[in-house]
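pasting the sequence and the predicted model now:
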Amino acid sequence: KAGVTQTPRYLIKTRGQQVTLSCSPISGHRSVSWYQQTPGQGLQFLFEYFSETQRNKGNFPGRFSGRQFSNSRSEMNVSTLELGDSALYLCASSLAGGGPDTQYFGPGTRLTVL
Amino acid sequence: ILNVEQSPQSLHVQEGDSTNFTCSFPSSNFYALHWYRWETAKSPEALFVMTLNGDEKKKGRISATLNTKEGYSYLYIKGSQPEDSATYLCALPNRDDKIIFGKGTRLHILP
């Protein structure tokens, strides 16, 4: 069974630009969550999508948005990039989401904002 | 806001020695705890999910225990090997089902 894939793996952007990251979950998984990882902050929850609906959202500004398609693939968009958005962005998929459901992580997209 | 604390932040252990570290959380409204291992340049990998007070889980040389009444979980590694070098994360869902991660314990195995 193929794992969670994320594209692109690396991205360099400049301040003010926008970026779209993509995540393909494990086949059969309907929940996709996104996380931001920065040094010293650990993994911060961005949002979770289930059946094309955002089910949960973390404490991030509105510049961070996402969506999920009918095949469960998900995209995350960051508009008007700031230097502080430089981070590793991980997505994770699970069967149905929720507390006890194990999440399977992708390799991440490393975003650098110059 | 759910606060998940992990200690120590970093740990150096001689190869062959056993070690353990802690994840602490508020004991109210608990319903699941996850342990993940995150090796450098790889994705976080699920180790255990624990839901019941007194749960003990084991996977090879790694085991975990859970005490929901006092709000902690221990992760034990027996006979550490170089491949155990990684960051170990614990995570819990808060009341809104958002998954909150601790900052991790970074384990270094010394040859």
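Thanks, I have it. Residues are numbered from 1 along each chain as shown, chains lettered A, B, ... in the order given.

now do the contacts for the residue in chain A that chain B sits nearest to.
Of all residues in chain A, residue A:99 sits closest to chain B, at 3.6 Å by Cβ to the nearest Cβ. (C-beta placed from N, C-alpha, C; glycine too.) Contact analysis of residue A:99 by Cβ atoms under 8 Å, 6 or more residues apart in numbering or on different chains lists B:31-32, B:92-93, B:97, B:99.

residue A:53 too?
Counting by Cβ under 8 Å, 6+ apart, residue A:53 has contacts residue A:68.

go again using 10 Å as the cut-off
Listed by Cβ atoms under 10 Å, 6 or more residues apart in numbering or on different chains, the contact set of residue A:53 reads A:67-68.

with the one 3 residues further on instead?
Counting by Cβ under 10 Å, 6+ apart, residue A:56 makes contact with A:31, A:33, A:45-50, A:97, B:93-94, B:96-99.

rerun that using 7 Å as the cut-off
Taking Cβ atoms under 7 Å, 6 or more residues apart in numbering or on different chains as the criterion, residue A:56 is in contact with A:47-48, B:96-98.

cool, and residue A:7?
residue A:22.

give the bridge partners for it, please.
Note on residue A:7: beta-bridge partners by DSSP bridges are residue A:22.

quick one: is the helix or strand where residue B:87 lies near chain A?
Taking DSSP states H and E as the definition, residue B:87 sits inside strand B:86-93. Yes. Applying Cβ under 7 Å from any Cβ of the partner chain, one finds strand B:86-93 touching chain A at residue B:93.

and that strand, what does it pack against?
strand B:33-38, strand B:99-101, strand B:105-110 (3 or more Cβ pairs under 7 Å, 6 or more residues apart in numbering or on different chains; DSSP states H and E).

pLDDT of the shortest one, averaged?
Mean pLDDT, computed over strand B:99-101, is 91.

just to revisit the earlier point, tell me the angle the strand holding residue B:87 makes with strand B:33-38.
150 degrees (axes from the mean of the first three to the mean of the last three Cα atoms, to 10 degrees).

what helix or strand does the most centrally placed residue in chain A sit in?
Centrality entry for chain A: nearest residue to the mean C-alpha point is residue A:34, 3.1 Å, by Cα atoms, centre = their mean. If you go by DSSP H and E, residue A:34 is part of strand A:31-38.

look up phi and psi at residue 30.
Let's take chain A. As for residue A:30, its main-chain torsions (degrees, to the nearest 10) stand at phi -110, psi -10.

would a markdown table of the contacts of residue A:56 with neighbour count, secondary structure and distance to residue A:57 be doable?
What follows is the contacts of residue A:56, written out as a markdown table (neighbours: other Cβ atoms under 10 Å in any protein chain shown; DSSP: H, G, I helix; E, B strand; the rest coil; distance: Cβ to Cβ, whole Å):
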| residue | neighbour count | secondary structure | distance to residue A:57 |
| --- | --- | --- | --- |
| A:47 | 22 | strand | 5 |
| A:48 | 27 | strand | 8 |
| B:96 | 10 | coil | 9 |
| B:97 | 15 | coil | 11 |
| B:98 | 21 | coil | 8 |
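
leaving out chain neighbours, which residue sits closest to the residue in chain B positioned nearest to chain A?
Closest to chain A within chain B is residue B:93: 3.6 Å, counting by Cβ to the nearest Cβ. Residue nearest to residue B:93 in three dimensions, not counting chain neighbours: residue A:99, with 3.6 Å by Cβ to Cβ, 6 or more residues apart in numbering or on different chains.

below-threshold pLDDT in chain A: ranges please.
In the predicted model of chain A, residues A:1 satisfy pLDDT under 70.
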